[in-house]
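Novice: The following block contains a protein sequence and its predicted model.
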Amino acid sequence: MFALISSLIIPLMVLGIVLYGIIKKVNVYDVFIEGAKESFEMVLSLFPTFLAMILGVNIFLKSNLLNVLINFIKPVLSFFKIPYQILPMALIRPISGSTSLVFLKNIFENFGPDSILGRLGSVIQGSTDTTFYVLTLYFGCIGIKKIKYSLFAGLFADLIGIVSSIIIVNYLF
C-alpha cells in the first residue's frame, strides 16, 4: 500500500498543480517554460561559485592538510577522551556535506553504525551544517560580499553542534 502511495504522490502533485492552474485560467505550459528559463539563468549564475567551492574542497583534501591538522589535534582529543576517528568528519562537515557523508560511511564500515563512533558521527552529521558551502553558494549567488559575521555565527553554531554531540552521545551511550 505504501509503495503505491509513494509511487503516485509526485504525479498526483503535478496533476493537482496543473488542474489548479487550469481552474485559475493560467496558461500552465507558458508559465512552466518561463520558470525553466529563469532556473537556467540561475544555474548559470551559480556555476562559478559552485566550481570554486568544489575546487577549494579538493585542494583541502588532496593537500594532506586534513591529516596534518588531525595529527596536531590528536593529543588534545585523547586528553579529553574524544575519539580522534571522528575528527575528519567533524572538520570537513562545515565545508562539504557530501564529503562528510563519505567519512561517515567509512566510520560505519570500519566501526559499525551502532558503535559509539557511528552514533557520534550520525549526531554530528545531523546537528551541524555546511557553513562554507551555504555562504559561498547562496551568498555568492545573490552578491553578498560581507559575510564575516555570518561566517562566525555559522562556525560557532557548528562548534556548538559538535561539542554538544560529543557530550550527549557520551552521556546517552
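Specialist: In hand now; what should we look at?
Novice: Where is the longest helix in this structure?
Specialist: What stands out as the longest helix in the chain, according to DSSP state H, is helix 28-62.
Novice: Next, the angle from the next helix-or-strand element following that one to helix 28-62.
Specialist: Helices and strands here follow DSSP states H and E; after helix 28-62, the next one along the chain is helix 65-79. Relative orientation of helix 65-79 and helix 28-62, computed by axes from the mean of the first three to the mean of the last three Cα atoms, to 10 degrees: 70 degrees.
Novice: and the residue nearest the centre of the chain, what is it in contact with?
Specialist: Closest residue to the average C-alpha location of the chain: Gly97 at 3.3 Å, with Cα atoms, centre = their mean. Gly97 makes contacts with 130, 133, as judged by Cβ atoms under 8 Å, 6 or more residues apart in numbering. No exception for glycine: its C-beta is placed from N, CA and C like everyone else's.
Novice: Tell me the spacing between it and Asn27.
Specialist: 38 Å (Cβ to Cβ, to the nearest Å).
Novice: List the buried residues in the worst-scoring helix or strand of the chain on mean pLDDT.
Specialist: Lowest on mean pLDDT, DSSP states H and E among the helices and strands of the chain sits helix 140-142, with a mean of 76. For helix 140-142, the neighbour count (16 or more other Cβ atoms under 10 Å) marks Gly140 as buried.
Novice: other SSEs contacting that helix?
Specialist: Other elements packing on helix 140-142 under the criterion 3 or more Cβ pairs under 8 Å, 6 or more residues apart in numbering; DSSP states H and E are helix 28-62.
Novice: quick one, what contacts the nearest residue to Thr136 once chain neighbours are set aside?
Specialist: Distances taken as Cβ to Cβ, 6 or more residues apart in numbering put Met53 closest to Thr136, at 4.8 Å, once the chain neighbours are dropped. Met53 sits next to 96, 132-133, 136-137 when contact means Cβ under 8 Å, 6+ apart.
Novice: about what we covered before: please pull up the helix or strand immediately following the least confident helix or strand of the chain.
Specialist: Where DSSP H and E defines the elements, the next helix or strand beyond helix 140-142 is helix 148-172.
Novice: Please work out the angle formed by the directions of that next one and helix 65-79.
Specialist: 50 degrees.
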